[in-house]
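A.B. asks: Quick one, fold the following:
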Amino acid sequence: MASANFDKSKIAASVSNFSVISVDEDQVAANLVKNGPLAVGINAVYMQTYIGGVSCPYLCGKHLDHGVLLVGYGASAYAAIRFKEKPYWIIKNSWGESWGENGYYHLCRGPHAHNLCGVDSMVSTVAAVHITMHGSYLDKNQPLAGMPDFHRVIQSKAMHVIQGAAVD
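C.D. replies: The predicted structure follows:
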């Protein structure tokens, strides 16, 4: 069995503080608008066959088995069955741009889809990040010129916050 050696000198960023967000969908949406992307755990069984559109699985368990990044929300065009728009979460996955809609997943949200696939069960946000290469603590809302990979690093680090229930 091979062993991995951890090299502290290669750490680019580390999370020094995080917050767990309420499971109330409206509060999750408000926190997303106020603070930016949120780390969430999700049941990924229906994600594996997703190719596009708004996914509204009829039955989807709440057992969390995958970590993703909740980046936004919206509503699709008029849904004839409900006679209104279909609200959804916009989720960035880690499986690359060739999966889903360029690496993104649209999952139903709203009163008829409350906590679908467990998406509202475990939500957290990074409150402070230590960037090793700059040696200073940054608020995640502070401008980060010259750091194009910042959100990728934050997503990776935030996933470790919820790793116990949602492993990638």
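
A.B. asks: Which strands or helices does the helix or strand residue 69 falls within pack on?
C.D. replies: For residue 69, the enclosing helix or strand under DSSP states H and E is strand 66-79. Helices and strands touching strand 66-79, by 3 or more C-beta pairs under 8 Å, 6 or more residues apart in numbering; DSSP states H and E, are helix 25-35, strand 38-42, strand 84-92, strand 104-108, helix 150-161. Just so you know, the C-beta spots here come from the backbone N, C-alpha and C atoms, and that holds for glycine as well.

A.B. asks: Mean neighbour count for those - can I get that in CSV?
C.D. replies: Output for these, formatted as CSV (neighbours: other C-beta atoms under 10 Å):
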stretch, mean neighbour count
helix 25-35, 15
strand 38-42, 26
strand 84-92, 20
strand 104-108, 22
helix 150-161, 18
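
A.B. asks: so which of the ones you listed gets nearest residue 55?
C.D. replies: Evaluated with C-beta to C-beta, the helices and strands packed on strand 66-79 place strand 104-108 nearest to residue 55, the distance being 5.3 Å.

A.B. asks: And the average pLDDT for that closest one is what?
C.D. replies: Model confidence over strand 104-108, given as mean pLDDT, is 94.

A.B. asks: Extract the C-alpha set from the host helix or strand of residue 15 and format it as PDB.
C.D. replies: Counting by DSSP H and E, the secondary-structure element that holds residue 15 is strand 13-21. The C-alpha trace of strand 13-21 is given here as PDB (Å, rounded to 0.1, in the frame of the first residue of the first chain):
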ATOM      1  CA  ALA A  13      -4.800  28.500   0.800                       C
ATOM      2  CA  SER A  14      -6.500  27.300   4.000                       C
ATOM      3  CA  VAL A  15      -9.900  27.900   5.500                       C
ATOM      4  CA  SER A  16      -9.500  29.600   8.900                       C
ATOM      5  CA  ASN A  17     -13.300  30.000   9.600                       C
ATOM      6  CA  PHE A  18     -16.600  28.800   8.200                       C
ATOM      7  CA  SER A  19     -20.300  29.000   8.900                       C
ATOM      8  CA  VAL A  20     -23.100  26.500   8.700                       C
ATOM      9  CA  ILE A  21     -26.200  27.900   7.000                       C
END
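
A.B. asks: by contact count, what packs against it?
C.D. replies: In terms of contacts (3+ C-beta pairs under 8 Å, 6+ apart), strand 13-21 is packed against helix 25-35, strand 123-131, helix 150-161.

A.B. asks: That's all I had, so thanks and see you.
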